[in-house]
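Undergrad: Build me a model from this:
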Amino acid sequence: MSAIDNRDVYIWGSGPLGQGVLVSLQRSGVMPVGFIDGRQSEVGRTAYGMKVFSADETVKNPGAFIVIANIEVRAAAEATCRKHGRTNPESYLTYLQISRPEAAIDVAGMCTIRCPSCPRGNMDSLLPEGCMSFETYVKVLDKLKGDVPHLINVDLSTWGEPLCNPAIASIIDYTEKWVPCTVSTNLLQAEMVEPVVTANPTRLNITVNGYEQTYEKNMKGASWDCLLKNLLLLKKCLDRRRGETLVRILAFSFEGDVVAARKMAALMKEWDLPLTFATSYLNPYENYAGYCGSGTISTTAREEIARSAWDVDDFLRRAAEDRDGPCLCQRIFPIINWDTSVALCHTYYGPVIAESYLDISWRDLLAVRHRTPQCIACQDKGLHRLDIDVLQRKAAKVTEVQSLAYTLATSEEKMNG
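TA: From the prediction side, this is the model:
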């Protein structure tokens, strides 16, 4: 951060990525002045308690230091900076140069449904089920504070449904006192909607795979009618509480789901709920490792691969060709299960690399992770580079569903990254 010196720091992008950069800078002792935005309509509003300034005017200010934190406009923002004589790292940085460590704590190692794209729906051997008590969670988070002092976010789930934990509201409240947290849920537990909204997590993601019949097929055991009722309940709670939670309805679409995606977009627009399209993956990555190697995968997993919205064979090949690149997953660690055991990676269901996070030092935990055979095998196959958005940006190629997503996405969703 020496390049920043005592200059006024501005963050270009006030979406989730910008918020993560903000937390990282603050934990490093850098206090940004505010955000900047290229759209005049956004100038003057506030984000995370800070004012949004004009990007055009700020970039021209020689006393300002810019940190670009927006994936969609990164290239254009860098070009603008260079146009005005700015150089990296002397007068601007990008989010790629900012440390943004995250952690995941699966506070509920259970789920009420069995999605075919999730290990609970496509794997036979599952870890023990249960919920982390609030008392245990406090101990885990308190240790995290010392192990990863620059932590910018805690995701309160990996493969479980966090609303299954009766202490979820208390967990959110305790977490937010120190670090932002993300709650990712299928929103099927109506009785937990208001407590979660009241606890005011930084981010609340609601997973919706499909529309009506395709939803109930993609999220086996879920009810479309129940989802609609709970979405309306969520809307009422949000309007009443008027908290600062960033809510996103995450639609993960599969091949042939374009019609369903259009219907979902129309419904969310009618209800004034923010919809974001995301690329669907077959989870966990044990399935891809088996598919491209000598292992075996379940029939369900193979069926999911067949209906992916992207060419699995093509992208596995691209990932393998990109194997020398850094691991895209290591930024998110540790991955702590409900019983405090530690998993290798958030893209894999296993293995457990430590019996208890509370009983192992941070140095020893990192050493175990780096020498785990599964980690080495993953990198040998290039699966650590299997990020569809990253690979597509390099190849300038998009799928039909992604093309639809870009078309339906609002300007604000794009610009905010």
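Undergrad: low-scoring stretches of the stretch 1-150 of the chain, by residue?
TA: Along the stretch 1-150 of the chain, the parts satisfying pLDDT under 70 run over 1-3.
Undergrad: So which residues of it form helices?
TA: 16-27, 55-60, 74-83, 119-122, 134-147 (DSSP state H, counting those that start in this stretch).
Undergrad: mind checking which of those is nearest Leu366?
TA: Closest approach to Leu366 among the helices of the stretch 1-150 of the chain is made by helix 134-147 (9.6 Å; CB to CB). From N, CA and C alone the C-beta is placed, and that goes for glycine too.
Undergrad: Which stretches in the stretch 101-250 of the chain count as strands?
TA: Assigned by DSSP state E, counting those that start in this stretch, the strands in the stretch 101-250 of the chain fall at 102-105, 108-109, 130-131, 153-155, 181-185, 203-208, 246-253.
Undergrad: quick one: which of the ones you listed is nearest Ile360?
TA: strand 102-105 (14.5 Å).
Undergrad: Going by contacts, tell me the helices and strands next to that closest one.
TA: In terms of contacts (3 or more CB pairs under 8 Å, 6 or more residues apart in numbering; DSSP states H and E), strand 102-105 is packed against helix 134-147, strand 153-155, strand 332-336.
Undergrad: what does the longest one contact?
TA: Under the contact criterion CB atoms under 8 Å, 6 or more residues apart in numbering, helix 134-147 has outside partners 103, 105, 107, 132, 151, 154, 167, 170-171, 174-175, 178, 334, 336, 340, 357-358, 362.
Undergrad: now swap in the second one and tell me
TA: Contact partners of strand 153-155, identified using CB under 8 Å, 6+ apart, comprise 20, 23, 102-105, 141, 144, 175, 179-182, 184, 202-203, 332, 346.
Undergrad: still on that earlier bit, mean pLDDT for the strands of the stretch 101-250 of the chain: which is lowest?
TA: Sorting the strands of the stretch 101-250 of the chain by mean pLDDT places strand 246-253 lowest, at a mean of 88.
Undergrad: so what are the domain limits for the chain?
TA: For the chain, automatic domain parsing gives the domain ranges 8-97, 102-415.
Undergrad: May I see those organised as TSV, with mean neighbour count added?
TA: Converted to TSV, these look like this (neighbours: other CB atoms under 10 Å):
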stretch	mean neighbour count
domain 8-97	18
domain 102-415	18
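Undergrad: so which of the helices and strands packed on strand 102-105 comes closest to Asn61?
TA: Nearest to Asn61, of the helices and strands packed on strand 102-105 and by CB to CB, is strand 153-155 at 30.1 Å.
Undergrad: Tell me the neighbouring strands of the closest one, and mark each as parallel or antiparallel.
TA: strand 102-105 (parallel), strand 181-185 (parallel) (DSSP bridges).
Undergrad: With just CA atoms, put the one helix or strand Ala278 maps to into PDB.
TA: Per DSSP states H and E, Ala278 falls inside strand 275-279. Extracted in PDB, the C-alpha atoms of strand 275-279 (Å, rounded to 0.1, in the frame of the first residue of the first chain):
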ATOM      1  CA  LEU A 275     -32.500 -10.900 -10.100                       C
ATOM      2  CA  THR A 276     -29.000 -12.000 -11.100                       C
ATOM      3  CA  PHE A 277     -28.300 -14.900 -13.500                       C
ATOM      4  CA  ALA A 278     -25.300 -17.100 -12.600                       C
ATOM      5  CA  THR A 279     -23.600 -20.000 -14.400                       C
END
